[in-house]
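*Asks:* Would you be able to build a 3D model of this:
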Amino acid sequence: MATTKHSKPRSSKIVDLDSALSAVEDGMTVGIGGWIFHGQPMALIRGLVRRGARDLKLVPAPGSVAPDMLIGAGCVRETACVFISFEHLGLAPNFRRAAQSGALKVLEMDGPGIGGGLRAGACDLPYGLVPDLGTDLPTVNPQGYRKARIQDGGRPLLEVPAIRPDIVLLHGQQADEEGNVQYFGAGYFDLLMAQAAKHVICSVDRIVPASTVRQSARLTKIPSAFVHAVVVTPFGAHPGCSPGLYVQDEKHFAAYIAASRDQTSFDAYLADHARLAGGEAAYLERIGANALAALSAGGAAP
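*Replies:* Numbering: from 1, shown residues only. You can find the predicted model right below:
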């Protein structure tokens, strides 16, 4: 059937947020891309909170509000992570509370361990090899690290099991309808996560023509071959930043941390910011156009 000028091309990977997240089932292993305050897929995270996801196993890149929100909302059973932190703003309150109470199982990893596991998953290998840096991680997390057999005089190595997330959630700045996702800043672990995952969902702040993507091919960090769904969510990384478009919202982060002081207070935050009946549109309205415009003014074009 011919495509009309108002319909999406047959190859389009653009879907609405709820349709994209329908692929997430309770108990799945979910990877989260970005890096601390940068490129956190927050619209997708808020969508999972609204859906009431449960018993997830998180594998986040070093992050902040994205994994902390899912943990505080009761969506997570365990996490393998390097760290979850708000850096200069303090610790991640929900993560810390859940870990200390035993409600959350924490598998301590380091950057090489996460990277090595994802690389093995991407290459369909049972495990990856990483340098043995002399830490106590093999003792603290014996299921994540074990001594590798090496030749006499060889460099000490550790084996890390392959990481193959069922779903990976990422955020880029723009994409075309075919699902080529472009980043104006660093790609972090995002491409490695996309290569290792069974299913990849990317949120982007805007859609651009394929010609724009071709003219700036260097910005394409996640090629369409790895992407199953693209969700258009302006300010989809808020309160984090989307490099080149808007900066992080420090005031909102401070309010989030204050609201996370106990579960009752955090549940009220979720009701006001994540579980809104109007979804992302209602969330952006609550944040306010003036506040969002001020954050955009602080961004820098690529």
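*Asks:* Start from the N-terminal end of the stretch 101-250 of the chain and give the strands.
*Replies:* Counting by DSSP state E, counting those that start in this stretch, one finds strands in the stretch 101-250 of the chain at the ranges 105-108, 127-131, 146-147, 157-161, 167-175, 181-182, 200-207, 220-222, 229-232.
*Asks:* Can you say which of those is packed in most?
*Replies:* Greatest average neighbour count among these goes to strand 167-175 (a mean of 29), per mean count of other CB atoms under 10 Å. Every residue, glycine included, has its C-beta placed from N, CA and C.
*Asks:* which ones are touching the closest residue to Pro234 other than its chain neighbours?
*Replies:* Setting aside the residues directly before and after it, Pro234 is nearest to Asp205 in space (CB to CB, 6 or more residues apart in numbering), at 5.4 Å. The contact partners of Asp205, taken as CB atoms under 8 Å, 6 or more residues apart in numbering, are 173-174, 232-237, 242, 245.
*Asks:* Just the buried ones out of these, please.
*Replies:* The neighbour-count criterion (16 or more other CB atoms under 10 Å) marks 173-174, 232-237, 242, 245 among those as buried.
*Asks:* where does this structure have low pLDDT?
*Replies:* Along the chain, the parts satisfying pLDDT under 70 run over 1-10, 153, 298-302.
*Asks:* how about 50 then?
*Replies:* Residue ranges of the chain with pLDDT under 50: 1-7.
*Asks:* residue closest to the middle of it?
*Replies:* The chain has Ile32 as the residue nearest its centroid, 2.5 Å off, counting by CA atoms, centre = their mean.
*Asks:* Now do the residue lying closest to it once chain neighbours are set aside against Gly154, distance only.
*Replies:* If the residues on either side of it in the chain are set aside, Ile32 comes closest to Pro60, at 4.0 Å by CB to CB, 6+ apart. Using CB to CB, to the nearest Å, one gets 32 Å for the distance from Pro60 to Gly154.
*Asks:* who has more neighbours, these two?
*Replies:* Higher neighbour count among Pro60 and Gly154: Pro60, with 29 against 9, using other CB atoms under 10 Å.
*Asks:* what residues are up against that one?
*Replies:* 31-32, 66-67, 79, 81, 84.
*Asks:* Since that was my last question, I'll sign off now.
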